[in-house]
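Engineer: Fold the following.
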Amino acid sequence: MVLEPIADEVRDRDPWPPEAPYVGRRPNLAPMPPYEPGAEPGPRWVSTSVWPMVAWRGEERTWPVFIRGHQTALGTYLALGLAAGLGDDPASWLHATAVLAAGVLLLLFFVGRPELGDRGALLATALLALSWGGLFIARTAYAFEVGSRLFLLAALLALVHRRHWLAGAAGAVAVLMRAPVLTVLLPAALVVAHHVGLRWRRGALAALVALVVPVAVVLILDAVAPFRADAAPLATLGSPLDALPRLGRQVLITTAWLGDAHAILGPFFAGEQRVSGTLPLAAVLGALPVLVGAGRWARGRAGVWERALVLSTASCVVAGAWFYPDENQFQLALALEPLFALALAQQLAALAAAASPRGAAVPVAVALLVFAWRGGTTVRGALASADTAIACFSGRSQHAALARLRELGAEGPRTLTTTYLHVGVPEALIGLHPLHAFELFSASSPADSHQERWTELLRAYRPRHVLHTAHRSLFESDDMYPEAIGRDGLRAAADLGIDLRVEAYPTEAGPTGWEVWTLSYPEGFDVETAAPPESAAPEAAPPEWRGLVEGAVLGDHRVARVTPRGDSAVLEFEDGVVFDLQPVDPDRPPPATVGDLAVLYRSREGVDDETLARRALALAEALGARWAAE
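Structural biologist: Model (predicted):
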C-alpha cells in the first residue's frame with residue numbers, strides 16, 4: 001500500500017506543531033528565535049529567518065503569520081477550518097487542500113460560463129481537472145498555493161460580473177496568501193476589466209484595494225515584529241538586469257509546466273538530478289495555445305481568456321526570471337493553469353464554430369487529442385509519484401523512520417535533523433521537537449567539509465539520535481548536500497570515539513529515503529570537550545590565517561569563522577556572508593583583489609549580487625589596510 005506523502009508541506013500550511021521549530025543558526029550554535037538566548041518567556045511577536053518568519057508566540061502555542069516573506073499563513077488557517085470537519089488529523093490536512101482544489105474547479109466553471117457557455121465552461125473545468133501539475137499540488141497540502149488560486153478566480157469572477165469591490169477584496173486575499181500570484185492576477189484582471197467595459201476608475205479602485213491591503217499588512221507587522229533582513233518580502237530580489245540571461249530558460253520551464261508537468265516532476269520523483277529530456281516537447285505543447293492566442297489577438301479574433309493567457313504568461317516569464325535564480329523553478333506557472341484551461345477551451349470552441357459541415361469531425365478529433373494528451377500526462381505523473389524515490393514525498397520512508405524514533409524514545413534537542421525538508425514533520429506527526437541543524441550544514445558545493453560543524457554539534461548537544469536524508473533531490477535547497485553531510489557526520493563520530501548505528505528506511509521505489517542514526521557515547525565522554533577521558537590533548541587554538549582569527553573586525557563586519565586552506569582561506573561573517581580568498585585566476589576576473597589574492601563572494605539568499613560585490617571591494621580594502629599596517 002502506498003502511503004500518502006507528508007513531507008515538508010506540513011510546515012507550510014498549519015499551525016501545528018504548537019511550538020515553532022527549534023533551529024540552530026550560524027555562526028554559533030545558538031538557536032534561532034523564539035528560542036534565542038535571553039528570550040522573553042511571555043507572549044510576544046517573533047521574527048526569524050526560517051518558518052514561521054513572523055509569528056505570535058502565545059502562552060500555549062505559536063501562531064504563524066508570515067510563512068515566508070511573500071507568503072502568509074492565511075491559506076493555512078483556511079485549510080485548518082476545513083480540516084476540523086474532516087477529522088482534524090494529518091490525513092484531514094491533506095484532504096482539506098483537496099477540497100480547496102475542488103473549489104478551484106467549481107469557480108473556474110462559473111468564471112468561464114458567461115463567455116464560453118455551459119459546455120465551454122465544463123470543457124475548461126475538465127481540462128483543468130486533468131492537469132497533473134494541479135493534481136500534484138492538491139495532493140501536497142500546499143494550502144497557500146491552492147488558496148491563492150481559489151481567490152484569484154474569485155477576483156476574476158467578480159470582475160466578470162463588474163463587482164469591483166469584491167474583485168479588489170478577493171485579489172487582496174490572493175496576494176496575501178502568496179504575493180507572486182499577482183504576476184497572473186494583474187494582467188488577467190486588466191484584460192477582463194477591459195473586456196467587460198468596467199470604468200477605469202472602478203478598475204483602478206479594485207487594483208488599489210488588491211495592492212494596498214497586503215502592503216498595509218506587511219507594514220503593520222514590520223512595525224510590531226520587524227522582518228529579518230534575509231526574510232523580508234523583497235529580500236531575495238536582485239537587479240532586473242540579472243534576470244535577462246534567465247529569460248529563455250524561464251520560457252522553457254513555464255511552458256513545459258503547462259504542457260506536461262511530468263517532464264519536470266517525473267525526474268524529481270525518480271530521484272534524478274536533471275529535468276527530463278522531454279522538456280522541449282512539453283514546452284512546445286504548452287506554448288502552442290499561447291502562440292495561437294497571440295496570433296489570433298494580432299488579427300483581432302482572440303477571446304478574452306486567450307488574451308489573458310498571453311499577457312499573464314509573458315508576465316510570469318519575466319517575473320520568474322527575476323524572482324528565481326534557480327533555473328528549474330516553475331512556481332509562477334502554477335497560477336497560469338486556470339487561464340490555460342479557459343484559453344484552450346475557448347480555442348476549441350472557436351475551431352468548432354469555424355468548421356464547415358464537411359470538416360465537422362476536425363474539432364472533435366482535435367478535442368480528443370487534447371484530452372488524450374492531458375489524460376496521458378496525468379496518468380504517467382500519478383504512477384511516477386506513487387513509486388517515488390525521494391524522501392520528501394515518500395510516506396513509506398517518513399512514517400517508518402518517525403515510528404522508529406518514537407520507539408527509541410527520541411526527545412527534544414537530543415535528536416538532530418540535517419536538512420531543511422525535515423522541518424515541521426516530526427513536530428506535526430509525533431510531537432517531537434528536534435534540533436534542526438540544516439543552516440549549520442549549508443555549503444557552496446558538495447566538496448565542502450562539514451566535519452568541523454559536526455564535531456561542534458556533538459560537543460554542544462550530545463545528540464542521541466539523528467534524522468538524516470540520504471540523497472539530494474532535484475529541488476533541494478542550493479546549499480544542501482545530504483550525501484556530504486552524512487559522510488562527514490560518520491567521520492566526526494568515528495574520530496570522537498562515538499559508536500553510531502545507521503538504520504535506513506527505503507522509499508516506495510526502493511532507494512533509501514530517511515535514515516535514523518543512534519549514537520552511543522563512550523563512558524566518561526565530556527560534553528564540553530567531546531573527547532574521551534584518556535585524551536589529554538590541549539584545547540586547539542582558534543584557526544588563524546595571515547593574522548586573521550575569529551572575532552576580527554574588517555570594515556563594518558565581524559569575522560565569525562576563518563577556514564585556512566594553504567594559500568587560500570574562507571572567511572565567514574556573522575551575518576552569514578561568505579568570501580573565498582584565493583590566488584587570482586586570469587580566466588576568472590574577481591569582483592575585487594588584494595595583493596595577489598582574489599576576493600570571491602558566495603551567493604547568499606536575501607543579499608543581491610550587487611551588494612555582495614560592494615562587500616567584496618570593502619573587504620579587499622580593509623584587508624589591504626590591515627596587512628599594510630602590520
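
Engineer: Looking at G259 now. What's its pLDDT?
Structural biologist: pLDDT recorded at G259 is 93.

Engineer: just checking, A321 touches L241?
Structural biologist: No - contact between A321 and L241 fails when scored by CB atoms under 8 Å: they sit 10.9 Å apart. Where C-beta positions appear, they are placed from N, C-alpha and C, glycine not excepted.

Engineer: Between these two, tell me which one has more neighbours.
Structural biologist: Ranked by neighbour count (other CB atoms under 10 Å), A321 and L241 place A321 first, with 25 against 9.

Engineer: so which strand or helix has that one?
Structural biologist: helix 304-323 (DSSP states H and E).

Engineer: tell me the average confidence for that helix?
Structural biologist: 94.

Engineer: then stretch 390-397 to PDB, C-alphas only?
Structural biologist: The C-alpha coordinates for stretch 390-397 follow below in PDB (Å, rounded to 0.1, in the frame of the first residue of the first chain):
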ATOM      1  CA  ILE A 390      12.800  10.700  -2.900                       C
ATOM      2  CA  ALA A 391      12.400  11.100   0.800                       C
ATOM      3  CA  CYS A 392      10.500  14.400   0.900                       C
ATOM      4  CA  PHE A 393       7.500  12.700  -0.800                       C
ATOM      5  CA  SER A 394       7.800   9.200   0.500                       C
ATOM      6  CA  GLY A 395       5.200   8.400   3.000                       C
ATOM      7  CA  ARG A 396       6.700   4.900   3.400                       C
ATOM      8  CA  SER A 397      10.100   6.200   4.400                       C
END
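
Engineer: what about it, distance to the chain center?
Structural biologist: 17 Å (CA atoms, centre = their mean, to the nearest Å).

Engineer: Okay, strands next: where are they in the stretch 101-250 of the chain?
Structural biologist: With DSSP state E, counting those that start in this stretch as the definition, the stretch 101-250 of the chain shows no strands.

Engineer: Poorly predicted segments of it, please.
Structural biologist: Scanning the stretch 101-250 of the chain for pLDDT under 70 picks out the ranges 235.

Engineer: Would you mind stating the distance between F66 and W454?
Structural biologist: For F66, the distance to W454 equals 32 Å [CB to CB, to the nearest Å].

Engineer: Any stretches of the stretch 451-600 of the chain with poor pLDDT?
Structural biologist: Scanning the stretch 451-600 of the chain for pLDDT under 70 picks out 524, 526-543, 565-566, 587-588.

Engineer: show me where it has strands.
Structural biologist: Going by DSSP E, counting those that start in this stretch, the stretch 451-600 of the chain shows strands at 465-469, 499-506, 512-520, 544-545, 548-549, 553-554, 557-565, 568-573, 578-583, 592-594, 597-601.

Engineer: most packed of these?
Structural biologist: Ranked by mean neighbour count, the strands of the stretch 451-600 of the chain are led by strand 465-469 with a mean of 25 (mean count of other CB atoms under 10 Å).

Engineer: what's next to that strand, contact-wise?
Structural biologist: Applying CB atoms under 8 Å, 6 or more residues apart in numbering, the external contacts of strand 465-469 come out as 391-392, 401, 405, 408, 410, 414-419, 421-422, 426, 434, 482, 485-486, 489, 513-519.

Engineer: Could you list the paired strands of that strand along with their orientation?
Structural biologist: Strand 465-469 pairs in its sheet with strand 415-417 (parallel), strand 512-520 (antiparallel), by DSSP bridges.

Engineer: Please identify which of those is closest to A188.
Structural biologist: Ranking the strands paired with strand 465-469 by their distance to A188 (criterion: CB to CB) puts strand 512-520 first, at 39.4 Å.

Engineer: Buried ones from the contacts of strand 465-469, can you make that a ChimeraX selection?
Structural biologist: Here is the ChimeraX selection string for the buried members of the contacts of strand 465-469, based on 16 or more other CB atoms under 10 Å:
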select :391,392,401,405,410,415,416,417,418,419,421,422,426,434,482,485,486,489,513,514,515,516,517,518,519
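
Engineer: if we can go back for a sec, out of the strands paired with strand 465-469, the one nearest A91 is which?
Structural biologist: Closest approach to A91 among the strands paired with strand 465-469 is made by strand 512-520 (19.8 Å; CB to CB).

Engineer: angle of the closest one against strand 499-506?
Structural biologist: Counting by axes from the mean of the first three to the mean of the last three CA atoms, to 10 degrees, strand 512-520 points 160 degrees away from the direction of strand 499-506.

Engineer: Tell me which residues are up against strand 512-520.
Structural biologist: 390-391, 394, 396-398, 400-401, 404-405, 408, 458, 463-471, 486, 489, 493, 498-507.

Engineer: how much space between A620 and D596?
Structural biologist: Taking CB to CB as the measure, A620 and D596 are separated by 12 Å.

Engineer: In terms of neighbours, single out the busier of the two.
Structural biologist: A620 (22 against 9).
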